[in-house]
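In: Predicted model and sequence follow; I will ask about them next.
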Amino acid sequence: MLANTLKTFVLLLTLTLILVFLGEYFGGTAGGLIALIFAAALNFASWYFSDKIAVASVGAREVSREEAPELHALVEEVAAAAGLPKPRVYIAPIPQPNAFATGRDPKHSAVVFTEGILRLLNRRELKGVIGHELAHIKNRDILIMSVVATIAGAIMFLVDMLRWAAVFGFGGRDRDRGNPLVLLGLLIVLPIVVLLIRLAISRAREYLADYYGAKFVKDPEALASALEKLAYGVQAVPAEVPQHMSHMFIVNPFSGDFLAELLSTHPPIEKRIKRLRELANDPSFYLS
């Protein structure tokens, strides 16, 4: 798991270096700084209100302990094991089996379950899913992905400036950098690199959430079994969620679509299940 943490750091550093390079390309850091501030303001707002935005996007409603006593008890049990305050519990009127966590920090967090997942999974499997979602909260993944979005947004802002430079014949600080071939190369390569880095960071965070979620419940097989059911469930029941929210769910809601799978923020579900079952068969996993 240290490898995934290091991978996230290296990829974030790479994004930052790209931003610095673009700022320097435009004659200094001023352009990059302006882009960064602009992107940060937008993403801070989306991060700060992340729970409200996400919950509203899927039409979820908060349920009380009286309405869903067993679900609340499970969330409370796993939250205690993870050393987290109990998040708010929501149910979304969506038949596809899925779930996600949201919130700017552990004190302002929520877990959203679709009606489909509550029908499909047994108690043990649902507990494994809750562990995964609380791991996202514990690991501050929403904050990390907001930082990624901020830097990536600033880079794409500068790439747009490059497009205008290509149209009007301007470039960097000197004529050599105004070479149209250099501009064309940057316009083609940079968006692809930024997309791949964002996908790689998101996938690394999913592996970490699987690992720590299994740690919290001390049952990797529970999550592995849940993922197997969910893999079939999301293919059998069409997605009823916004495309831009697909990265938040425990499994890709658009699984089965070739392009969605290619650009998925989730690792292949078969690899996730394989890793979890390897943990289940590793006695040392249960000792720490």
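Out: Looks like it arrived, so ask away.

In: Just to check, Thr150 is in contact with Ile37?
Out: No - taking contacts as C-beta atoms under 8 Å, Thr150 lies outside contact range of Ile37: 9.6 Å. The way it works is simple: take the backbone N, C-alpha and C, and place the C-beta from them, glycine included.

In: Which of the two has more residues huddled nearby?
Out: Thr150 (24 against 11; other C-beta atoms under 10 Å).

In: Double-check that the more buried one belongs to a helix.
Out: Yes - residue state for Thr150 (DSSP: H, G, I helix; E, B strand; the rest coil) corresponds to a helix.

In: roughly how far apart are it and Ala101?
Out: Using C-beta to C-beta, to the nearest Å, Thr150 is found at 20 Å from Ala101.

In: in whichever strand or helix holds Glu221, what counts as buried?
Out: Assigned by DSSP states H and E, Glu221 falls within helix 220-236. By neighbour count with 16 or more other C-beta atoms under 10 Å, helix 220-236 contains the buried residues 220-227, 229-231, 233-234.

In: Return the member of the residues you listed nearest to Lys271.
Out: Nearest to Lys271 out of the buried residues of helix 220-236 is Leu227 (C-beta to C-beta; 10.4 Å).

In: The closest one: what's it in contact with?
Out: Ile250, Val251, Ile269, Arg272, Ile273, Leu276 (C-beta atoms under 8 Å, 6 or more residues apart in numbering).

In: can I get these in CSV with neighbour count?
Out: CSV is the format used below for the contacts of Leu227 (neighbours: other C-beta atoms under 10 Å):
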residue, neighbour count
Ile250, 28
Val251, 27
Ile269, 20
Arg272, 23
Ile273, 20
Leu276, 26
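
In: picking that back up, would you mind extracting the C-alpha trace of the helix holding Glu221 into PDB?
Out: What follows is helix 220-236 as a C-alpha-only set of coordinates in PDB (Å, rounded to 0.1, in the frame of the first residue of the first chain):
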ATOM      1  CA  PRO A 220     -11.200  -8.800   2.900                       C
ATOM      2  CA  GLU A 221     -13.500 -11.600   1.500                       C
ATOM      3  CA  ALA A 222     -16.600  -9.600   2.400                       C
ATOM      4  CA  LEU A 223     -15.600  -6.800   0.100                       C
ATOM      5  CA  ALA A 224     -14.400  -9.200  -2.600                       C
ATOM      6  CA  SER A 225     -17.700 -11.000  -2.500                       C
ATOM      7  CA  ALA A 226     -19.600  -7.600  -2.600                       C
ATOM      8  CA  LEU A 227     -17.500  -6.500  -5.600                       C
ATOM      9  CA  GLU A 228     -18.300  -9.700  -7.500                       C
ATOM     10  CA  LYS A 229     -22.100  -9.100  -7.000                       C
ATOM     11  CA  LEU A 230     -21.800  -5.400  -7.900                       C
ATOM     12  CA  ALA A 231     -19.800  -6.200 -11.100                       C
ATOM     13  CA  TYR A 232     -22.800  -8.100 -12.400                       C
ATOM     14  CA  GLY A 233     -25.300  -5.800 -10.900                       C
ATOM     15  CA  VAL A 234     -24.100  -2.600 -12.600                       C
ATOM     16  CA  GLN A 235     -24.100  -4.400 -16.000                       C
ATOM     17  CA  ALA A 236     -27.600  -5.800 -15.500                       C
END
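
In: That helix - what's its average pLDDT?
Out: Mean per-residue pLDDT for helix 220-236: 95.

In: What count of nearby residues applies to the nearest residue to Ser264 once chain neighbours are set aside?
Out: Leaving aside its sequence neighbours, Ser264 sits nearest to Asn252 (C-beta to C-beta, 6 or more residues apart in numbering; 4.9 Å). By the criterion of other C-beta under 10 Å, Asn252 has 25 neighbours.

In: just the one 3 residues further on next, same as before
Out: For Ser255, the tally of surrounding residues (other C-beta under 10 Å) stands at 20.

In: try Glu206
Out: Applying other C-beta under 10 Å, we find 25 residues neighbouring Glu206.

In: could I get the buried residues of helix 220-236 as JSON lines with distance to Ser284?
Out: Compiled in JSON lines, these are given as follows (distance: C-beta to C-beta, whole Å):
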{"residue": "Pro220", "distance to Ser284": "12"}
{"residue": "Glu221", "distance to Ser284": "16"}
{"residue": "Ala222", "distance to Ser284": "19"}
{"residue": "Leu223", "distance to Ser284": "18"}
{"residue": "Ala224", "distance to Ser284": "18"}
{"residue": "Ser225", "distance to Ser284": "22"}
{"residue": "Ala226", "distance to Ser284": "23"}
{"residue": "Leu227", "distance to Ser284": "22"}
{"residue": "Lys229", "distance to Ser284": "28"}
{"residue": "Leu230", "distance to Ser284": "28"}
{"residue": "Ala231", "distance to Ser284": "28"}
{"residue": "Gly233", "distance to Ser284": "32"}
{"residue": "Val234", "distance to Ser284": "33"}
